[in-house]
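Enquirer: Kindly return the folded structure for what I paste below:
(one chain, ligands or ions: 1)
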Amino acid sequence: MTSGTRHEPLEAVLLGELARLDSLGMRRRLRTLASAQGAEVVLDGRPVVNFSSNDYLGLAKEEFLAEEFCRAARDFGVGSGSSRLISGTQTPHRKLEESLAAFKELPAAVVFGSGHTTAIGTIPALVGSGDVVILDKLAHACLVDGARLSGAAMRVFAHNRTDVLDAHLRWARRVHPTARVLVVTESVFSMDGDLAPLEEIVRLKDEHGAWLLLDEAHGLGVVGAGGRGLAHALGLSDRVEIHMGTLGKAAGVAGGYIAGRQALADFLINKSRGFIFSTAMPAAQTAAARAAIEWLGTSAGRDRVAALESNRQVFAALCPGLLSGPPPAAIVPVIVGEESRALELSARCLDAGAFIPPVRFPAVPKGSARLRLTLTATHTREHLALAADILSSADIAKNQAGFRMSQ
Ligand SMILES: *Cc1c(COP(=O)(O)O)cnc(C)c1O
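Expert: This next block holds a predicted model:
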């Protein structure tokens with residue numbers, strides 16, 4: 001540093017950056033819910049129908065899960081006291097892992113504090129410098145962060161383009177013949193709601209001796225009979241090396257997991273920094289998540305997953321201009337282009353009583369800002385009709401020359 005150089009104070013730098021975000025329609029602010037998560041919420045003081053939540057099955061405020069949470073808090077306390085490896089693993093953690101593995105019909109599972117921690121804790125444990133990670137272009141930020149953190153060479157393939165994936169796999173095998181090669185994708189894409197062509201991806205990674213990490217964050221509880229996810233639905237579970245997911249979406253609580261072979265779980269417990277160097281999640285959270293997973297396997301759980309599927313069909317029938325058939329999962333993106341346009345349309349939806357959040361860069365590429373609806377099992381027909389009416393109302397339609405579904 002040159003002596004005498006004047007540096008701007010931190011606050012001036014931050015305020016300047018915030019003003020820039022504001023001018024681009026990209027500034028975010030927190031909105032406060034004065035209610036539990038659900039199909040109807042009180043948002044910034046007013047009741048609205050909620051199309052923003054990943055609580056796909058309405059479990060976030062389910063009474064029996066709240067009771068389970070309280071019971072475990074009384075029995076095990078509110079904090080876990082240390083990381084899982086030191087003394088933070090309590091009976092509920094083990095039980096959750098058993099239930100998850102059973103539900104996924106896989107040998108083992110290991111849970112982390114969040115899905116995000118799961119990704120950044122797992123990818124760098126499996127690959128490092130000299131190795132290769134190949135990701136779908138639309139992979140979630142935490143998967144990208146995990147890949148970057150690993151120090152492996154990174155290649156990105158155009159969304160769901162298995163021909164490009166194939167080319168990258170060939171490149172990896174040519175340039176790094178002895179490297180570990182990890183393919184990373186999602187079963188249901190979080191901002192587009194479409195599915196990965198999993199059969200072809202599995203075939204390709206097997207052909208080239210690569211491994212596959214499949215993030216089922218939006219597939220668990222949604223896709224396949226009983227909501228066991230896309231890999232299970234296609235009979236491919238055994239061929240996916242690393243199954244990842246979150247307990248914060250359809251499972252209604254919070255936390256993340258990896259499922260697969262016992263060796264994978266044992267390895268991550270030894271090598272994942274996100275697992276090793278972080279306090280275990282509270283037993284109450286763990287117990288509630290376990291109850292949710294167990295419940296998913298009951299007939300009531302299967303009925304709830306089926307109710308969501310039925311709502312997907314109902315919504316598609318109500319919105320023929322937007323959807324040509326039921327969405328493959330529970331996410332419906334309405335791409336509008338400019339960031340400011342998404343903000344304006346979302347504000348109009350809110351005025352009409354529906355919270356349909358805008359999604360902007362960096363969650364999606366610049367210029368592909370969108371409204372993103374999530375459908376849940378607990379939306380009523382009236383709720384769905386309200387969203388359909390608002391989206392097709394003349395007022396919005398006039399302004400939506402660029403409206404399109406991404407699929
Ligand atoms: C939400 C999400 C995550 C992160 O999970 P959290 O439990 O919310 O941290 C990871 N991957 C995808 C695809 C997601 O949508």
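
Enquirer: For Val13, grab the count of nearby residues.
Expert: 11 (other C-beta atoms under 10 Å). Any C-beta I mention is one placed from the backbone N, CA and C, and that applies to glycine too.

Enquirer: meant to ask about Ile269, not that
Expert: 15.

Enquirer: Can you give me the distance of it to the ligand?
Expert: 19 Å (C-beta to the nearest ligand atom, to the nearest Å).

Enquirer: Can you give the distance of the helix or strand that residue falls within from its chain's centre?
Expert: Assessed by DSSP states H and E, Ile269 sits inside helix 262-271. Centroid displacement of helix 262-271 relative to its chain, using C-alpha atoms, centre = their mean, to the nearest Å, is 23 Å.

Enquirer: Next: stretch 311-319.
Expert: With C-alpha atoms, centre = their mean, you get 22 Å for stretch 311-319.

Enquirer: could you list every residue that touches Phe69?
Expert: Counting by C-beta atoms under 8 Å, 6 or more residues apart in numbering, Phe69 touches Val253, Ala284, Gln285, Ala287, Ala288.

Enquirer: Most neighbours among the residues you listed, please name it.
Expert: The contacts of Phe69, ranked by neighbours (other C-beta under 10 Å): first place Ala288, 32 neighbours.

Enquirer: how close does that residue sit to the ligand?
Expert: 14 Å.

Enquirer: now do Gly301
Expert: Distance from Gly301 to the ligand, by C-beta to the nearest ligand atom: 20 Å.

Enquirer: count of neighbours near that residue?
Expert: 20.

Enquirer: average model confidence for stretch 174-182?
Expert: Mean per-residue pLDDT for stretch 174-182: 95.

Enquirer: can you pull out the helices in the stretch 51-200 of the chain?
Expert: If DSSP state H, counting those that start in this stretch is used as the criterion, the helices of the stretch 51-200 of the chain fall at 63-76, 91-104, 115-126, 141-150, 162-175, 198-207.

Enquirer: Quick check: the residue of the stretch 101-250 of the chain nearest the ligand.
Expert: Gly115 (2.1 Å; C-beta to the nearest ligand atom).

Enquirer: Show me which residues of the stretch 151-300 of the chain sit near the ligand.
Expert: Glu186, Ser190, Asp215, Ala217, His218, Thr246, Gly248, Gly256 (C-beta under 6 Å from any ligand atom).

Enquirer: out of those, which are inside helices?
Expert: Among those, no member falls in helices (DSSP state H).

Enquirer: wait, what's in contact with the nearest residue to Asp206 once chain neighbours are set aside?
Expert: The shortest distance from Asp206 to any non-neighbouring residue, by C-beta to C-beta, 6 or more residues apart in numbering, is to Arg239 (6.8 Å). Contacts for Arg239 (C-beta under 8 Å, 6+ apart) come out as Val202, Asp206, Leu212, Ala231.

Enquirer: ok so, going back, now, of the helices of the stretch 51-200 of the chain, which is deepest in the fold?
Expert: helix 115-126 (a mean of 25; mean count of other C-beta atoms under 10 Å).

Enquirer: now what about that one, what contacts it?
Expert: 112, 133, 140, 142-143, 145-147, 149-151, 180, 182, 184, 211, 213, 215, 217, 242, 244-248, 255-258, 267-268, 271-275, 278.

Enquirer: Strands of the stretch 151-300 of the chain, residue ranges please.
Expert: 153-157, 181-186, 211-215, 242-246, 256-260 (DSSP state E, counting those that start in this stretch).

Enquirer: so what's the nearest residue to Leu204 once chain neighbours are set aside scoring on pLDDT?
Expert: Of all residues not flanking Leu204 in the chain, Asp166 sits nearest, at 5.4 Å (C-beta to C-beta, 6+ apart). Note on Asp166: pLDDT of 98.

Enquirer: got it, and the one 4 residues further on?
Expert: At Arg170, the model reports a pLDDT of 98.

Enquirer: That one against Gly209, yeah?
Expert: No. Using C-beta atoms under 8 Å, Arg170 is not in contact with Gly209, being 11.8 Å away.

Enquirer: close enough to count as contact, Trp53 and Ala60?
Expert: Just so we're on the same page, residue 53 is Ser rather than Trp. Yes. Counting by C-beta under 8 Å, Ser53 touches Ala60, with 7.5 Å between them.

Enquirer: Overlap of the contact sets of those two?
Expert: Gln37, Gly38.

Enquirer: Who has more neighbours out of these two?
Expert: It is Ala60, of Ser53 and Ala60, that has more neighbours when counted by other C-beta under 10 Å, with 25 against 19.

Enquirer: Need the nearest residue in space to that one, chain neighbours excluded.
Expert: Ala60's closest residue in space is Gln37 (C-beta to C-beta, 6+ apart), at 4.0 Å.

Enquirer: Distance of the one you found relative to Val314?
Expert: 21 Å (C-beta to C-beta, to the nearest Å).

Enquirer: which residues does the closest residue to Ala330 other than its chain neighbours contact?
Expert: Nearest residue to Ala330, sequence neighbours excluded (C-beta to C-beta, 6+ apart): Leu375, at 4.7 Å. Contact partners of Leu375, counting by C-beta under 8 Å, 6+ apart, are Phe51, Tyr56, Leu308, Asn311, Arg312, Phe315, Pro327, Ala330, Ile331, Val332, Leu384.
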